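1. for reference, the sequence and a predicted model appear below.
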Amino acid sequence: DAKTTQPNSMESNEEEPVHLPCNHSTISGTDYIHWYRQLPSQGPEYVIHGLTSNVNNRMASLAIAEDRKSSTLILHRATLRDAAVYYCIPHPGPGGSEKLVFGKGTKLTVNP
Amino acid sequence: SAVISQKPSRDICQRGTSLTIQCQVDSQVTMMFWYRQQPGQSLTLIATANQGSEATYESGFVIDKFPISRPNLTFSTLTVSNMSPEDSSIYLCSVAPWRLAGITTDTQYFGPGTRLTVL
């Protein structure tokens, strides 16, 4: 399993953009980069994933470095509800092992 | 998406006893997983619950301690046996429905978790 490195914690102010980095230098060429988040007292929820190109959805954007050794999850306007632990997870996707291997993640605090 | 419920949502148990946790999904799924989240820690995969065959356990987890059943495509149970205070954790089930016909997502969906305290 590819190893990931994320900051233990980050802080943001409400309504401001947040950039959550993740290093995954040992990622295989076919692994997708998945992001999940875990709100307080809840199970993790899917945020976004991508392979090579940058991706956008209603929750966030994912910027993937050209060499795929790092990625950044972007929350364009943080809200109090975005306070959570964010996990970056390399994953083989359809056809590979379905299990997710969670690292320590980044705890995001959003200040009002 | 998939809606997942777990029972019980929380429990306080005495050491030496066993607790069975249920996971119910609102649609048929191929893959179901059980995770443990110890206090202040990240999630650790316990096992993959396979329908119609024995569960596949991760390193450090054994069937005698965490027996799993998967009688059909919408339901699974995890039993925590002969509990000790070290078993106090949140136990979560998740599903990966993507292999079913018509499902193209490769995301996983998680239940709300069962918070277990062992005294």
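-> Sure thing, it's come through.
2. these two touch, right, residue A:68 and residue A:25?
-> No - with contact defined as CB atoms under 8 Å, residue A:68 does not count as touching residue A:25 (9.2 Å). Placement of C-beta: from N, CA and C, glycine included.
3. neighbour count winner among those two?
-> Applying other CB atoms under 10 Å in any protein chain shown to residue A:68 and residue A:25 shows that residue A:68 carries more neighbours, namely 18 against 12.
4. and the more buried one, which of the three is it?
-> Under the three-state scheme (DSSP: H, G, I helix; E, B strand; the rest coil), residue A:68 adopts coil.
5. so what's the residue of chain B at minimum distance from chain A up against?
-> Residue nearest to chain A within chain B (CB to the nearest CB): residue B:110, separated by 3.2 Å. The contact partners of residue B:110, taken as CB atoms under 8 Å, 6 or more residues apart in numbering or on different chains, are A:43-45, B:4, B:35, B:92-94.
6. who touches both of residue A:68 and residue A:25?
-> Counting by CB under 8 Å, 6+ apart, no residue touches both residue A:68 and residue A:25.
7. which bits of chain B sit near chain A?
-> B:4, B:31, B:33, B:35, B:42-45, B:48, B:92, B:94, B:96, B:98-99, B:106-113 (CB under 8 Å from any CB of the partner chain).
8. where in chain B is pLDDT low?
-> Applying pLDDT under 70 to chain B flags the ranges B:97-106.
9. how many other residues sit next to residue B:72?
-> Residue B:72: 11 surrounding residues under other CB under 10 Å.
10. and the residues of chain B next to chain A, which of them are buried?
-> For the residues of chain B next to chain A, a burial check counting by 16 or more other CB atoms under 10 Å in any protein chain shown picks out B:4, B:31, B:33, B:35, B:42-43, B:45, B:48, B:92, B:94, B:96, B:98, B:106-111, B:113.
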